[in-house]
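1. pasting the sequence and the predicted coordinates here, then a few questions.
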Amino acid sequence: QVQLVESGGGLVQPGGSLRLSCAVSGSIESTHTMGWYRQAPGKEREFVTSMTWTGTTNYANSVKGRFTISRDNAKNTVYLQMNNLEPEDTAVYYCNADVRLPITRRLTNYWGQGTQVTVSS
């Protein structure tokens, strides 16, 4: 069974920083595109950033220049460094990953359980 386990959320003041982590565990062959989404109260889930296996990144305009995605392919882990946080960044952040399963070699998409990020003074 494949699981995405997130950590690193919390409460931070405006202008502060947080680093989120997401580790993929279970029976997998490899991870492909990994990324982060977020959902604020009363809003739909939205794309934040993603990174392919080869390192190509994509960012939502709202986080460009403030957030940085990185990954450790050997550990099947993706990170999100969030700097200069704003109250508008308050949301539940979800990890997302395309995972290739062993034997069948199917590429399957998985979500983490979410981690709360609150930006408030």
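-> Looks like it arrived, so ask away.

2. next up, the contacts around the most far-flung residue of the chain relative to its centre.
-> The C-alpha centroid of the chain is most remote from residue 103, which lies 26.8 Å away (CA atoms, centre = their mean). If you count contacts by CB atoms under 8 Å, 6 or more residues apart in numbering, residue 103 has none. All C-beta spots, glycine's among them, are computed from the backbone N, C-alpha and C.

3. the chain should start at 21 in everything you say after this.
-> All right, first residue 21 from here; so that's residue 123.

4. ok, it to residue 48 distance?
-> Distance, residue 123 to residue 48, using CB to CB, to the nearest Å: 11 Å.

5. per-residue confidence at the residue farthest from the centre of the chain?
-> pLDDT, residue 123: 88.

6. give the helix, strand or coil label for it.
-> coil (DSSP: H, G, I helix; E, B strand; the rest coil).

7. from residue 47, how far off is it?
-> From residue 123 across to residue 47, the span is 9 Å (CB to CB).

8. what's the answer for residue 65, then?
-> For residue 65, the distance to residue 47 - CB to CB - is 27 Å.
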